[in-house]
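1. Mind folding the following:
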Amino acid sequence: MATGKHRQGGTDGPWLERLVLSTPVGEWTALRLILSLLWIAAMAGLSVSFVYDDLVLNHRSELVTALVVRTNYDQRGPSFNAELQSRFPGVRVLVEDIHQRPKVGDRIDLEVDPRKPTRVRDPQSWRWNPLDVALIALAPVGAMIAWARLNHTLRKRRHR
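-> You can find the predicted model right below:
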């Protein structure tokens, strides 16, 4: 076996597998591990969709005037509903992750994707949500944990 890939006289396996299995995750039951990995995959998938929307808006958005028709500021995640004007008259959108807090009847500018006018963003809001970036970063960690557990299980079955 190649030097450095396997440990001499101890637990067999690549160093990365041994490192992952030495953490508390290495002791989790299979059900707990599967549920955790599914949650990580689902959250990373949602986060990728949000980040994709931001990337699209960064590249091809247009500023469009909108009329605020409803506000939802007393909720956990404040938002407002608006009706786009000019180029997309009558299209109603929900704007979340907001910075500004207009009143019903105010005219405001929104960044709109001309190919999909329901994809909008408050031009004053944050471009990247740190939670989305963190969840996307968890996906490779989850994959590494799954690889280590599967690799370890397969090696144990081969040696029986």
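2. For the longest helix along the chain, which helices and strands make contact with it?
-> Using DSSP state H, we find that the single longest helix of the chain is helix 30-60. Counting contacts by 3 or more C-beta pairs under 8 Å, 6 or more residues apart in numbering; DSSP states H and E, helix 30-60 packs against strand 107-113, strand 116-121, helix 130-158. C-beta coordinates here come from the backbone N, C-alpha and C atoms, glycine included.
3. what's the residue nearest to the spatial centre of the chain in contact with, if anything?
-> By C-alpha atoms, centre = their mean, the chain has its centre lying nearest to residue 47, at 1.5 Å. Shown in contact with residue 47 (C-beta atoms under 8 Å, 6 or more residues apart in numbering): 129, 131-133, 135-136.
4. buried set for the strand ranked longest in the chain?
-> Identified as the longest strand of the chain according to DSSP state E is strand 62-72. Residues of strand 62-72 classed as buried: 64, 66-68, 71 (neighbour count, 16 or more other C-beta atoms under 10 Å).
5. one step back: out of the contacts of residue 47, who's the most crowded?
-> residue 135 (21 neighbours; other C-beta atoms under 10 Å).
6. What ranges in the chain fall below the confidence cut-off?
-> Counting by pLDDT under 70, the chain contains low-confidence ranges at 1-12, 128.
7. Contacts for stretch 31-38, please.
-> 25, 28, 142, 145-146, 149.
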